[in-house]
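> give me the fold of what follows.
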Amino acid sequence: MRILNTQKSSRSGLVRRAGAVTVEFAVVAPLIFLLFLGGLELTAMNFVRQTASNASYEAARRAIVPGSTVAEAEAEAMRLLTALRIQNGAVVTINRTTEKVNVTIEIPAANHSWGLTRFSKNLKIRQHCQLTLE
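Predicted coordinates for the structure are as follows:
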């Protein structure tokens, strides 16, 4: 009966496998990092979008109150955007008619990107709210 030395073949197998692991890591690591950074970027853009949505709603609520002015509504929107440091490049547009108030907030996505500005350079986050006057 012949006994094989498994220790020697195991070591040589590990040495040969170490090169394969390095190549696999070199191929997969950039993809994993790209997915991770992309997830962070989408999270940041969603935060900006939700904040702009809330600011447009609150500005519209301020504008529908009898006796309020467009300047007060715009100040309310900018106050909310400034509180979360999203006012950089934000444009607040308020149109008040006899029956409705329309508030639109437009924010350049590149100003609030966490590093992947190549993909969000020309992207603008736009949120709109329309409420009926009281």
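> gap between the helix or strand containing Val103 and the chain center?
Here Val103 sits within strand 100-108, counting by DSSP states H and E. Strand 100-108 has its C-alpha centroid displaced from the chain centroid by 19 Å (Cα atoms, centre = their mean, to the nearest Å).
> centroid-nearest residue for the protein?
Met45 (1.5 Å; Cα atoms, centre = their mean).
> what pLDDT does it get?
What the model reports for Met45 is a pLDDT of 89.
> residues near Leu34, how many?
Look at Leu34: counted by other Cβ atoms under 10 Å, it has 11 neighbours. No exception for glycine: its C-beta is placed from N, CA and C like everyone else's.
> please disregard the earlier target; I meant Asn88.
By other Cβ under 10 Å, neighbour count at Asn88 equals 11.
> quick one, what contacts it?
Asn111, His112 (Cβ atoms under 8 Å, 6 or more residues apart in numbering).
> residues in contact with the strand holding Val103?
Contacts of strand 100-108 (Cβ under 8 Å, 6+ apart): 48, 52, 55-57, 59-60, 63-64, 73, 77, 81, 86, 89-96, 123-133.
> just the buried members of those residues?
48, 52, 55-57, 59-60, 63-64, 73, 77, 81, 86, 90, 92, 94, 96, 125, 127, 129, 131 (16 or more other Cβ atoms under 10 Å).
> these in helices, which ones?
Those of the buried ones among the contacts of strand 100-108 mapping onto helices are Val48, Ala52, Ala55, Ser56, Tyr57, Ala59, Ala60, Ala63, Ile64, Ala73, Ala77, Leu81, per DSSP state H.
> quick one: pLDDT of Met1?
You'll see Met1 listed with a pLDDT of 59.
> repeat that for Gly38.
pLDDT recorded at Gly38 is 86.
> and it, what element?
helix 6-64.
> relative to strand 100-108, how tilted is that helix?
140 degrees (axes from the mean of the first three to the mean of the last three Cα atoms, to 10 degrees).
> tell me what helix 6-64 is packed against?
Judged by 3 or more Cβ pairs under 8 Å, 6 or more residues apart in numbering; DSSP states H and E, the packing partners of helix 6-64 are helix 70-83, strand 91-96, strand 100-108, helix 117-120, strand 124-132.
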